[in-house]
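Trainee: Need a 3D model of the following:
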Amino acid sequence: MQLSNNKKIYFASDQHFGAPTPELSFPREQKFVAWLNEVKDDAEAIFLLGDLFDFWFEYKTVVPKGFVRILGKLAEIRDSGIPIYFFVGNHDLWMSDYFETELNIPVYHDNKEFTFGDKTFLIGHGDGKGPGDLGYKRMKKVFTNPLSKWLFRWLHPDLGVKLAQYLSVKNKLISGAEDVKFLGEENEWLILYAKRKLETKHYNYFVFGHRHLPMIKTVGENSEYVNLGDWITYFTYGVFDGEKFEVKKFE
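Mentor: Take a look at the predicted model:
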């Protein structure tokens, strides 16, 4: 992808819309729509790196109620010709083809490489990458197993969605019961993951979400790890202008 004059590529992740309740989530949804309205004026492309929703499951004929303003704005931007790319996170990993068929937005279930100008990127949500977190990695295999999805689909949506939302908001990141803190480069799994990837291939930027901590860390020669933060506490996003990558706060 080549950037046009004065165009930029935008990145955002971890909005967790719907949590802890639809009513409390609504102001954050409004703020995100305002951000989309602002960046669409000079966006070459927009990347959404997962956990847009705190829970999402696509039955064959049903999707979760709500999020009309978000989905409508994404449809408007995509219809205007601006590419949007979506990477599933651990909260919306049961996403299927709804975004692709209704919004013409491709959906990725793992990391993907991109080249913008002369800069190489590895982009993804970030969950389950790097060493450690073995319990989550085992549970993810269970959740993404076709049999698990088939069994969940047999629950009536009113029951299945309500149950999943209840379990999802128990996440301490949403309840505010736990402060997310930088653990040091030797303990940050995504930083270790980026450094390991550099042993076999060079990337200028590793761009992830999941950690809810906005940061840019050097991980190698001319290589940086970027975490986009979230839209719960920080309201941060990434922007690449063809030369440099910045993490900014939307006021």
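Trainee: Dump stretch 2-18 to PDB, keeping only the CA atoms.
Mentor: The C-alpha trace of stretch 2-18 is given here as PDB (Å, rounded to 0.1, in the frame of the first residue of the first chain):
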ATOM      1  CA  GLN A   2       1.300   3.400  -1.000                       C
ATOM      2  CA  LEU A   3       0.200   6.400   1.000                       C
ATOM      3  CA  SER A   4      -1.200   9.300  -1.100                       C
ATOM      4  CA  ASN A   5      -0.100  12.900  -0.400                       C
ATOM      5  CA  ASN A   6      -1.100  14.000   3.100                       C
ATOM      6  CA  LYS A   7      -2.900  10.700   3.800                       C
ATOM      7  CA  LYS A   8      -2.400   8.600   7.000                       C
ATOM      8  CA  ILE A   9      -3.100   5.200   8.300                       C
ATOM      9  CA  TYR A  10      -5.000   4.900  11.500                       C
ATOM     10  CA  PHE A  11      -5.100   2.100  14.100                       C
ATOM     11  CA  ALA A  12      -7.300   1.500  17.200                       C
ATOM     12  CA  SER A  13      -8.100  -1.400  19.400                       C
ATOM     13  CA  ASP A  14      -9.800  -2.600  22.600                       C
ATOM     14  CA  GLN A  15     -13.000  -0.500  22.700                       C
ATOM     15  CA  HIS A  16     -15.000  -3.300  24.500                       C
ATOM     16  CA  PHE A  17     -18.300  -1.700  23.600                       C
ATOM     17  CA  GLY A  18     -21.200  -3.100  25.500                       C
END
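Trainee: what is the mean pLDDT for that stretch?
Mentor: Mean pLDDT, computed over stretch 2-18, is 93.
Trainee: Please compute how far it lies from its chain's middle.
Mentor: 11 Å (CA atoms, centre = their mean, to the nearest Å).
Trainee: next one: stretch 1-21
Mentor: 9 Å.
Trainee: Kindly report the same for stretch 229-242.
Mentor: On CA atoms, centre = their mean, the centre of stretch 229-242 falls 11 Å from the chain's centre.
Trainee: Extract the CA atoms of that stretch and return them as PDB.
Mentor: Only the C-alpha atoms of stretch 229-242 are listed here, as PDB (Å, rounded to 0.1, in the frame of the first residue of the first chain):
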ATOM      1  CA  GLY A 229      -3.800   1.300  24.400                       C
ATOM      2  CA  ASP A 230      -7.600   1.200  24.700                       C
ATOM      3  CA  TRP A 231     -10.900   3.200  24.600                       C
ATOM      4  CA  ILE A 232     -11.700   2.500  28.200                       C
ATOM      5  CA  THR A 233      -9.100   4.400  30.100                       C
ATOM      6  CA  TYR A 234      -6.700   6.000  27.600                       C
ATOM      7  CA  PHE A 235      -8.700   6.700  24.400                       C
ATOM      8  CA  THR A 236      -5.600   6.300  22.400                       C
ATOM      9  CA  TYR A 237      -4.900   5.400  18.800                       C
ATOM     10  CA  GLY A 238      -2.000   5.000  16.400                       C
ATOM     11  CA  VAL A 239      -1.200   7.000  13.300                       C
ATOM     12  CA  PHE A 240       1.400   6.400  10.600                       C
ATOM     13  CA  ASP A 241       2.200   9.200   8.100                       C
ATOM     14  CA  GLY A 242       4.500   7.200   5.900                       C
END
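Trainee: gap between Thr61 and Asp110?
Mentor: Remark: distance between Thr61 and Asp110 (CB to CB, to the nearest Å) = 27 Å. C-beta: built from backbone N, CA, C; applies to glycine.
Trainee: more crowded one of the two?
Mentor: Asp110 (10 against 6; other CB atoms under 10 Å).
Trainee: which residues sit in contact with the more buried one?
Mentor: Gly124 (CB atoms under 8 Å, 6 or more residues apart in numbering).
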